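Trainee: From the sequence below, what's the structure:
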Amino acid sequence: MRPIDILFVHNNFPAQFRHLAQRFTELPDVRVKAIGVNSAPSLPGVDMRRYSMQGPTRSQAHPFAQRFDLDCRRAEVVLYEASQLRSEGFYPQMIYVHPGWGEALPLRNLFPDANLCSFAEFYYSPSGTDVGFDKEFEQFGLDGEVRISLRNATTLLSLVDSDFAIAPTHWQHSVFPQEFRPKLHVVHDGLEMEKLVPHPGARRLTLSSLDIGAEDELVTFVSRNLEPYRGFHIFMRAIPEILRHRPKARIVLVGGDLVSYGAPPRHHSSWRNYMLEELGDRIDFRRVHFVGKVDYDDYLSLLRRSDAHVYLTYPFVLSWSMLEAMALECLVIGSDTPPVAEVIRNGENGLLVPFFDPRQLAERVVSALAEPHRYAPLRQAARQTILANYTFDRSCWPRHVALLREYCYSTRLVRTVEDDFMARQARISR
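Mentor: Predicted coordinates for the structure are as follows:
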């Protein structure tokens, strides 16, 4: 009997598909393959096919069409890799794809009998979400607004081809056009909780050259890169007040100096240098530490030790780091923006502050450091929120199983998934 074939397509695979792909590799008679860029990491049990982009890195097409032109170039190389899989006898019953870079464009034509699920991460709009939110940095004319709207072209084509789609949060679901929302289902990527275990009482922390003493009050801030989209500038402006009121406070910022979202600063090599020039000697480098990017275990150690964790974001995709911090019983002080407010209930499982108010942010952090026992119930409630709603096994995998029951044409795949699900549920109940 032929194996059940599952295909994942994501240039940065495994990314949001990590836990889902890993689960499929654990099922009997299931063969999992993936397509991603040359730098995409491997995942045990997944046959990874990698591609590279050839030709010009900058499109010569009309400015309105440049993004779509580049997406089509990527679609071409994905078409080659997927065609090679087909020539080897690989015919997927299910395809999971991130449509944001054009990789979904050839899949329906190449595999017309497959079920296709798109990962609906974000729908761009010239107003109401991330664009135009922060008036300090963004200046868009009408041409710019048109280009932003046209970034959705490949995503919309993918949604037309898809049997169903998943969005990781209710807010991200809500930004898609009304006519597509019935096709979209809210299923978060999910967290594996084995490593996300708090270590209460462990106060001393040493990471490389950084030594946090038992009496120090640790404030943490984490972002892939330190940039305005994740509120880096707002947090930096709050730091002097935190330092002034809490002489034992130590502040650790994790993140690189590149740009993940938005634009780089015009006259500085990084947003960190931009803010350091603005704040000058108000930043005490004996107590403020930029540690760059750290490995996962060190990152978890920082969060476990954190006395106050700051997470700010534009109305944009929600970071895994906020959920991981909550799972580790951090007291998260977050921005009162829709992605955060969907998860954090102010005063119940965390604290919310207006995004553009560094003074109020500083006050919240100072209060958290001054009265840790007052906020202990919020820490515990934060972890319970994650356990109940964002763990892969308890919340996310059951939703995937339900979607496969509803949409999947392959009764054999559905039966295999259901048998595994029931066996896992039985083990959990014991």
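
Trainee: What separation do you get for the residue most central in space within the chain and residue 222?
Mentor: In the chain, the residue lying closest to the centroid (CA atoms, centre = their mean) is residue 319, at 4.1 Å. Plainly put, residue 319 is 8 Å away from residue 222 if you go by CB to CB, to the nearest Å. Backbone N, C-alpha and C define where each C-beta goes, glycine included.

Trainee: And stretch 258-272, what's buried?
Mentor: Using 16 or more other CB atoms under 10 Å as the test for burial, stretch 258-272 gives 259, 261-262, 265, 270-272.

Trainee: Run through the chain and note the low-pLDDT ranges.
Mentor: 55-59, 139-140, 429-430 (pLDDT under 70).

Trainee: Tell me, domain by domain, which residues of it belong where.
Mentor: In the assignment given by automatic domain parsing, the structural domains of the chain cover 4-190+392-429, 205-389.

Trainee: roughly how far is the helix or strand containing residue 419 from the heart of the chain?
Mentor: Assessed by DSSP states H and E, residue 419 sits inside helix 411-429. In terms of CA atoms, centre = their mean, to the nearest Å, the centre of helix 411-429 is set 28 Å apart from its chain centre.

Trainee: which residues are common contacts for residue 319 and residue 222?
Mentor: Here residue 319 and residue 222 have residue 311 as joint contacts, going by CB atoms under 8 Å, 6 or more residues apart in numbering.

Trainee: Kindly reformat the buried residues of stretch 258-272 as CSV and extend each row with distance to residue 327.
Mentor: Putting the buried residues of stretch 258-272 into CSV (distance: CB to CB, whole Å) gives the following:
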residue, distance to residue 327
259, 28
261, 24
262, 28
265, 33
270, 30
271, 28
272, 28
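
Trainee: okay, these in TSV with distance to residue 250 and secondary structure next?
Mentor: Formatted as TSV, the entries for the buried residues of stretch 258-272 read as follows, by distance: CB to CB, whole Å; DSSP: H, G, I helix; E, B strand; the rest coil:
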residue	distance to residue 250	secondary structure
259	27	coil
261	28	coil
262	29	coil
265	27	coil
270	22	coil
271	22	helix
272	18	helix
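
Trainee: The stretch 101-250 of the chain: strands as residue ranges?
Mentor: Applying DSSP state E, counting those that start in this stretch to the stretch 101-250 of the chain gives strands spanning 115-119, 164-167, 184-186, 205-207, 210-212, 217-225, 249-256.

Trainee: just the helices in the stretch 151-300 of the chain please.
Mentor: Taking DSSP state H, counting those that start in this stretch as the test, the helices found in the stretch 151-300 of the chain are 153-161, 170-174, 232-245, 271-279, 296-305.

Trainee: hmm, back to that, among the domains of the chain, single out whichever gets nearest to residue 197.
Mentor: In terms of CB to CB, the element of the domains of the chain nearest to residue 197 is domain 205-389, at 7.6 Å.

Trainee: now the strands of the stretch 101-250 of the chain in a markdown table, with distance to residue 296 and mean neighbour count?
Mentor: Converted to a markdown table, the strands of the stretch 101-250 of the chain look like this (distance: least, CB to CB, whole Å; neighbours: other CB atoms under 10 Å):
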| stretch | distance to residue 296 | mean neighbour count |
| --- | --- | --- |
| strand 115-119 | 22 | 25 |
| strand 164-167 | 25 | 24 |
| strand 184-186 | 27 | 18 |
| strand 205-207 | 13 | 16 |
| strand 210-212 | 17 | 15 |
| strand 217-225 | 12 | 22 |
| strand 249-256 | 11 | 21 |
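
Trainee: Can you redo those strands as a markdown table, where the extra columns are distance to residue 98?
Mentor: Listed next are the strands of the stretch 101-250 of the chain as a markdown table, based on distance: least, CB to CB, whole Å:
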| stretch | distance to residue 98 |
| --- | --- |
| strand 115-119 | 5 |
| strand 164-167 | 11 |
| strand 184-186 | 14 |
| strand 205-207 | 33 |
| strand 210-212 | 35 |
| strand 217-225 | 17 |
| strand 249-256 | 22 |
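
Trainee: Please name whichever of these is nearest to residue 368.
Mentor: strand 217-225 (8.5 Å).

Trainee: Direction included, what does the closest one pair against?
Mentor: On the basis of DSSP bridges, the sheet neighbours of strand 217-225 come out as strand 249-256 (parallel), strand 308-311 (parallel).

Trainee: May I see these arranged in JSON lines, with distance to residue 330 as well?
Mentor: JSON lines is the format used below for these (distance: least, CB to CB, whole Å):
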{"stretch": "strand 249-256", "distance to residue 330": "13"}
{"stretch": "strand 308-311", "distance to residue 330": "4"}
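
Trainee: Go through these and name the closest to residue 235.
Mentor: Using CB to CB as the criterion, the shortest distance between residue 235 and the strands paired with strand 217-225 is 5.4 Å, found for strand 308-311.

Trainee: neighbouring contacts of that closest one?
Mentor: 217-222, 230-231, 235, 238, 303, 319, 321-322, 325, 330-335, 340, 361, 364-365, 368-369.

Trainee: returning to what we had before: would you mind saying which of the domains of the chain lies nearest residue 198?
Mentor: Comparison of those against residue 198 by CB to CB identifies domain 205-389 as nearest, at 4.2 Å.

Trainee: what about residue 2, neighbour count?
Mentor: Other residues within reach of residue 2 by the criterion other CB atoms under 10 Å amount to 10.

Trainee: how close does it sit to residue 31?
Mentor: Using CB to CB, residue 2 is found at 9 Å from residue 31.

Trainee: related to what we said a few turns ago, out of the strands paired with strand 217-225, flag the one nearest residue 285.
Mentor: With respect to residue 285, and counting by CB to CB, the nearest of these is strand 249-256 at 10.3 Å.

Trainee: List of residues touching that closest one?
Mentor: Residues lying outside strand 249-256 but in contact with it, judged by CB under 8 Å, 6+ apart, are 210, 212, 216-226, 230, 232, 235, 239, 242-243, 287-294, 299, 302, 369.
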